[in-house]
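>>> need a structure here:
(2 chains)
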Number of protein chains: 2
Amino acid sequence: MKCTRCRARAEVHLRAHNSAFCRPCFLFFFRRQVERAIAHERMCTPEEHLLVAVSGGKDSLALWDVLAELGYRTTGLYLGLGIGAYSTASHAKVETFAATRGLPLRVVDLAREESGLAIPEVARVTRRTACAACGTMKRHYFDAAALEGGFDVLVTGHNLDDEAARLMGNVLRWQTDHLARQRPVLPPTHPRFVRKVKPLYLTGEYETAVYAFMRGIDYIVDECPNAAGATQLLYKEALNRLEAASPGTKLAFVKEFLRSAQPAFSQVEGRRPQDCTRCGMPAYGEVCSFCSLVREVQAKTARAAAGAPA
Amino acid sequence: MKCTRCRARAEVHLRAHNSAFCRPCFLFFFRRQVERAIAHERMCTPEEHLLVAVSGGKDSLALWDVLAELGYRTTGLYLGLGIGAYSTASHAKVETFAATRGLPLRVVDLAREESGLAIPEVARVTRRTACAACGTMKRHYFDAAALEGGFDVLVTGHNLDDEAARLMGNVLRWQTDHLARQRPVLPPTHPRFVRKVKPLYLTGEYETAVYAFMRGIDYIVDECPNAAGATQLLYKEALNRLEAASPGTKLAFVKEFLRSAQPAFSQVEGRRPQDCTRCGMPAYGEVCSFCSLVREVQAKTARAAAGAPA
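This is a model prediction of the structure:
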C-alpha cells in the first residue's frame, strides 16, 4: 500500500479516512488534524497559556507533544489519584516525558490535598463506582488548578473513541442536558471556570497510539484497573464492532451529532452555576458536587468510626 | 421464580421489565401492553377497519392474533415478494393462520402486479441491496392496498427490537429527517395515505416469540435470506449486547427518545408530499420512489436487452 500523500511505502492504514500514510506524512496528518480542530472550533490562540491534563496515557501525552511542537505555551497537570501501582507508574511516565522535553509540570496529589481523599477511599466509603467518584474529583482538581495557576484554557486528551462512547451513553438514555453540553469546546459559564477544550475529539485512539509510537513517547499502556467492566468500555466495544463493519462510523457519529443534532439540544441548556457555599467554586446546588462528595465521605467515615452501621 | 402477578410458578422471565409471569398472566400482560400502546398513542378506535400487514413471522401474526382477540375489525395483507422458498413458506403460514381463525386476508403478488417486479429482480437490475429495494416496494403496495380497500389504518408488526435498531441507525448518522418521522403513529400527510401504526413498538422480540409459542401460532422461523449481513442485524446485535449487560436498555432508548428527544427533531419536519405524476400516490419528487424505482428497472432492463453495457 502506498502513502496517500507522497506515494512512498505506507506504514499506517486509516480505514475511517480511506487513507494510508508513510511515517513523515502520518505525523504531518496527525498534527494537521489537531491544528484544524483548534482552528475550526477556535479552541485557543498562541498567546494563551494552556494547562494540559495528562494521565500518562498515550492520548494526553501525544496531545501535549503536538501542542508543544506547534509552539503553544503549555504546562502539564498530573493528578495523583492514589490508585496503587497504576498511579505510581503513570506518574513516572509523565515526569519523564516532561523532564525529557523541558516542559513545565504541575502535580497534584489527591491524598495530600485539603480533603485528603484518594479515589479508592471515596469509592469504597460512598459505594460509588470508582469511575463516578473519579470523574467528580478530577473535574474539581482540574478546575481548581486552572484557576489557581491563572491559565486561560484547560486541555484534555479525550479522543474520538472517548467522545463516541460518551455520546452513545448519552443517546441510549437520551440525557438531553448532557447532550447539550457534549462539545469539543466548553466556554466558561462561571468566572471561576476556564475554557475547556478537546483537540483530539475527531482523532481515533488508534491514531494517537501510532503517533505516540512513532514519536517514541513512553506511555502507560495498561488501562486503569478500575475501568474493567465500566459501561464506557461496553460502548467502546459496541462501537468498535460497528466501525469494523463500516469504517468511519465513529467519526460520522460524532461529527454529524455536532453539526446537525447538537443545536437542537443546546436549546435545553440554560442553568448557569452559582458559587459553592463551601469552596466558592461553581456549583449547581448549594454546594458543588466535589464538596458534596467530600461531605458524604466525611460523614460516613465518622459514622463508621463511631461504630454505627455505615 | 414466581409470577409477579399471581405468585404461581413463572414460565417467562422478562429482565427488561424486572418481571416474571406464568402462562395466563403473560398472555394478559402481552395483550395489555398492546392495548396500552394503542390507547396511549391513540392508534385506532374499535370502529375503524384495520389493514394488518403480515409477513408470516411471529411479530405480525402475534399482533394480528391480539388485535382480533381484542375485537378489532381486521383484514390481513400479505405481499408475495417473490423471494423463492422463503416466500412460498411464509405465504402458506399466513393462509393457514387466517383460515384457522376465519379472518379475512388479502394477498398481493408483486410479480402479478402491473409493474410485474419481484424483489430479487429489482435488487439485481438496480444493484441495490435487496432490503433497500424491498423497503420501497413494500411501502408502495401497503399504501396502495390500504387506499384501494378503503381501510382507516395500516398496522405493522414492528417490535421494540426493530424500532431500537432503526433508531440506532438513524442516530449513528444523525439523520434528522428520519428521526423526525420515527414515531409509533404516523398521521396521513396526504389524502391517499392512511394512518400508520405500530402497536408492538415497546414489545420485545422475545416477548412476541413467547406469545406466538403460547398461543400455538405456526410462524416462519427463518429470517428472510436477504437479511444476512444487513446493517439492521448489526445494530440488533450491538443492542442485544448492551441489553444483556443492562436489561431495559432498548426500552429506555426508544421510550426516552420519543419522550424527550423526538420533539426536538419534529421541528425539522415539514415537507409534505405531492401527487406522483405517474401513479398519483404521494411523492416527494415529481414521481414517487416506487415509480422511480420501476422506471429505473425498466430502463436498465431495456438497455441490457439492447446489448448496451448496463
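>>> residue A:225 and chain B: what is the separation?
Residue A:225 sits at a distance of 20 Å from chain B (criterion: C-beta to the nearest C-beta, to the nearest Å). Any C-beta I mention is one placed from the backbone N, CA and C, and that applies to glycine too.
>>> looking at it, that residue is touching residue A:84, isn't it?
Yes: the criterion here is C-beta atoms under 8 Å, and residue A:225 meets it with residue A:84 at 7.5 Å.
>>> list the buried residues in the longest strand anywhere in chain A.
For chain A, the strand with the greatest residue count under DSSP state E is strand A:73-80. Within strand A:73-80, the residues that qualify as buried are A:74-80, counting by 16 or more other C-beta atoms under 10 Å in any protein chain shown.
>>> in its sheet, what does that strand sit against?
When pairs are called by DSSP bridges, strand A:73-80 turns out to pair with strand A:49-53 (parallel), strand A:105-109 (parallel).
>>> residue B:271 is nearest to which of the ones you listed?
strand A:49-53 (45.7 Å; C-beta to C-beta).
>>> give me the distance from the closest one to the chain's centre.
Computed by C-alpha atoms, centre = their mean, to the nearest Å, the separation of strand A:49-53 from the middle of its chain amounts to 12 Å.
>>> next helix or strand past it?
The first helix or strand that comes after strand A:49-53 along the chain, using DSSP states H and E, is helix A:58-69.
>>> does chain B have contacts with the lowest-mean-pLDDT helix or strand in chain A?
Using mean pLDDT, DSSP states H and E, helix A:262-266 stands out as the lowest-scoring helix or strand of chain A, at a mean of 85. Yes: applying C-beta under 8 Å from any C-beta of the partner chain, one finds helix A:262-266 in contact with chain B at A:264-265.
>>> in that helix, what counts as buried?
Here helix A:262-266 shows A:262, A:264-265 as buried, counting by 16+ other C-beta under 10 Å.
>>> convert the C-alpha atoms of the host helix or strand of residue A:85 to CSV, please.
According to DSSP H and E, residue A:85 maps onto helix A:84-101. Extracted in CSV, the C-alpha atoms of helix A:84-101 (Å, rounded to 0.1, in the frame of the first residue of the first chain):
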residue,chain,number,x,y,z
GLY,A,84,-1.8,1.9,43.7
ALA,A,85,0.8,0.8,41.2
TYR,A,86,-1.1,2.2,38.3
SER,A,87,-0.8,5.7,39.7
THR,A,88,2.9,5.2,40.6
ALA,A,89,3.7,4.0,37.1
SER,A,90,1.7,6.7,35.3
HIS,A,91,3.2,9.5,37.4
ALA,A,92,6.7,8.3,36.5
LYS,A,93,5.8,8.3,32.7
VAL,A,94,4.6,11.9,33.0
GLU,A,95,7.6,13.1,34.9
THR,A,96,10.0,11.5,32.4
PHE,A,97,8.0,12.9,29.4
ALA,A,98,8.1,16.5,30.9
ALA,A,99,11.7,16.3,32.0
THR,A,100,13.0,15.0,28.7
ARG,A,101,11.3,17.8,26.8
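>>> outside of the least confident helix or strand of chain A itself, list whatever touches it.
With C-beta atoms under 8 Å, 6 or more residues apart in numbering or on different chains as the test, helix A:262-266 has contacts from A:176, A:179-180, A:182-183, B:176, B:261, B:264-265, B:267-268.
>>> thinking again about what came up before, now render the buried residues of strand A:73-80 as TSV, adding distance to residue A:3 and pLDDT.
Output for the buried residues of strand A:73-80, formatted as TSV (distance: C-beta to C-beta, whole Å; pLDDT from 0 to 100):
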residue	distance to residue A:3	pLDDT
A:74	30	98
A:75	35	98
A:76	32	98
A:77	36	98
A:78	36	98
A:79	39	96
A:80	42	93
